[in-house]
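Student: Sequence first, predicted model second:
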Amino acid sequence: MLILNGYEYKVLYRTEDKSYWRCKEIDKLHCKARLMTTGRVLNVKTSVGHNHQPTFAGSYDQCTFQKLKVYYMTHFQGLVYFYDSKRKHPMLMFNNYEYKSNNQCKGKSYWRCKVVDGRACRAKLMTSGKCLCVKTSEMHNHPPTFDGNYEVCKAQTLNVRYMSSFRKK
Ligand SMILES: [Zn+2]
Ligand SMILES: [Zn+2]
């Protein structure tokens, strides 16, 4: 758990160097407040605030303090790379995992991890305009696949969202 300004957060998703946190009232009150921590930096998303009073009523005795640099931003952004594979599939690389285009529908592109045979990885992404959505219910079951050839890639900064399903409620 993480406490900031009297609000408690729980980890939703971790990547190699970042942790994404949601307000612990995500289930009960559908609070959309979120944070991202990376190294000694804490990023607070300002476009969605809490819809309730601070939740922390316990004692700070059980907590460990960490001094982090706090930044306020409207979106979390991530660098996403696009390129074509030898077989001319559009490919996407994010956090050193590679994805190939799966299908496109109504302005949205769906991507799945290129490791589909053998380990049958089910990790998926969806891109739509300036947004990249990462499905958190299916994680990679293997180490990153990207071997570091950034030369063929086109980098784009997209707003990254983590969600359990691509379908809107
Ligand atoms: Zn909240
Ligand atoms: Zn995978």
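Tutor: Arrived safely. Ligands and ions are numbered 1, 2, ... in the order given.
Student: rest of the way, CA atoms for contacts and neighbours
Tutor: OK.
Student: Might you name the residue of this protein sitting closest to ligand 1?
Tutor: Nearest to ligand 1, among the residues of the chain, is residue 50, at 4.0 Å (C-alpha to the ion).
Student: Double-check that residue against residue 33; I have them as touching.
Tutor: Yes - judged on C-alpha atoms under 8 Å, residue 50 makes contact with residue 33 at a distance of 5.4 Å.
Student: Quick check: neighbours shared by these two?
Tutor: residue 23 (C-alpha atoms under 8 Å, 6 or more residues apart in numbering).
Student: What helices and strands are in contact with the least confident helix or strand in the chain by mean pLDDT?
Tutor: When the helices and strands of the chain are compared on mean pLDDT, DSSP states H and E, strand 69-73 comes out lowest with a mean of 84. When contacts are defined as 3 or more C-alpha pairs under 8 Å, 6 or more residues apart in numbering; DSSP states H and E, strand 69-73 sits against strand 41-45.
Student: picking up where we left off before, which element is the residue of the chain closest to ligand 1 on?
Tutor: Under DSSP states H and E, no helix or strand contains residue 50.
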